[in-house]
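# Starting from these lines, generate the structure:
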Amino acid sequence: MTATPSPAPAVSAAPARSTADRRSLLLMLLLTLAGAVLVLVAVGRTWSEGQVKGLAVSATGSDVSGLPGALALVGLASAVAIFAVRGVGRYVVGALVTLAGLGAAVAAGMGSVDSGAVDSEAAKKLGLLGTTAEQVSHTAWPWVALLGGLLLAAAGGLTVLRGRAWPSMGTRYDAPVAKAKAPTGGAHTPADLWKALDRGEDPTLG
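Model (predicted):
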């Protein structure tokens, strides 16, 4: 008589799904950090250079526009706040990070051809309004900021797509539920009375 082989136990997909969620969360954090760092470093570097009356003048990214750096900070703060919200809040935060990243990228792209900031520096150096710089050139730093903005936008998009399944710190800080006390109404024997007293209860109540 041949024994019927027992069916193999079904493997739960929960552990695999949990691992995938943790990986997507880690990827979001890496994209956010990399994007914000690229933008913030780039805006502190020279974006445009020129000359006026034989004097060299230059303008940094923050001189050209304060928008990329500000939006990078908004995106970074919003991504950190992802752990404090749940449900629909995750979609809102993800959309905010996406918009901040796209805004930083657009502002950086516009700054890559901007000459107004270096003209302002030329006017300051000579002390004459309306002075314009000559032989203006642009560096690659605006494109670094643009890349950083796109990484932030990617982090926001990933949050919108996968953020609902990520863990939240909210449940960790929820108020603990009070444990139900054993009823004392049934304390009829002396042993029950002593046990109630040991628990700090008044056996004469209830």
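# where are the low-confidence patches of the chain?
The model of the chain has pLDDT under 70 over residues 1-17, 128, 130, 168-191, 193-194, 196-206.
# and the residue nearest the centre of the chain, what does it touch?
Nearest to the mean C-alpha position of the chain, by CA atoms, centre = their mean, lies Ala79 at 1.3 Å. Ala79 sits next to Met28, Leu29, Thr32, Val93, Val97, Ala155, Gly156, Thr159 when contact means CB atoms under 8 Å, 6 or more residues apart in numbering. C-beta: built from backbone N, CA, C; applies to glycine.
# Could you verify my assumption that the third one touches Leu73?
In other words, Thr32. No: counting by CB atoms under 8 Å, Leu73 is not a contact partner of Thr32; they are 11.4 Å apart.
# The two - which one has more neighbours?
Between Thr32 and Leu73, counted using other CB atoms under 10 Å, the more crowded position is Thr32 (27 against 15).
# quick one: the more buried one and Ser120, what's the gap?
32 Å (CB to CB, to the nearest Å).
# One more: Leu150?
28 Å.
# Over to Leu33?
For Leu33, the distance to Ser120 - CB to CB - is 33 Å.
# Of the two, which one has the most company?
With neighbours defined as other CB under 10 Å, Leu33 and Ser120 compare such that Ser120 has more, 18 against 15.
# what's near enough to touch that one?
By CB under 8 Å, 6+ apart, the neighbours of Ser120 are Ala59, Asp63.
# Tell me if it really is in a helix.
Yes: counting by DSSP: H, G, I helix; E, B strand; the rest coil, Ser120 is located in a helix.
# begin at 38 from here
From this message on, residue numbering opens at 38, which makes the last subject Ser157.
# Could you check how far it is from Val76?
From Ser157 to Val76 the distance is 22 Å (CB to CB).
# Lovely, talk soon.
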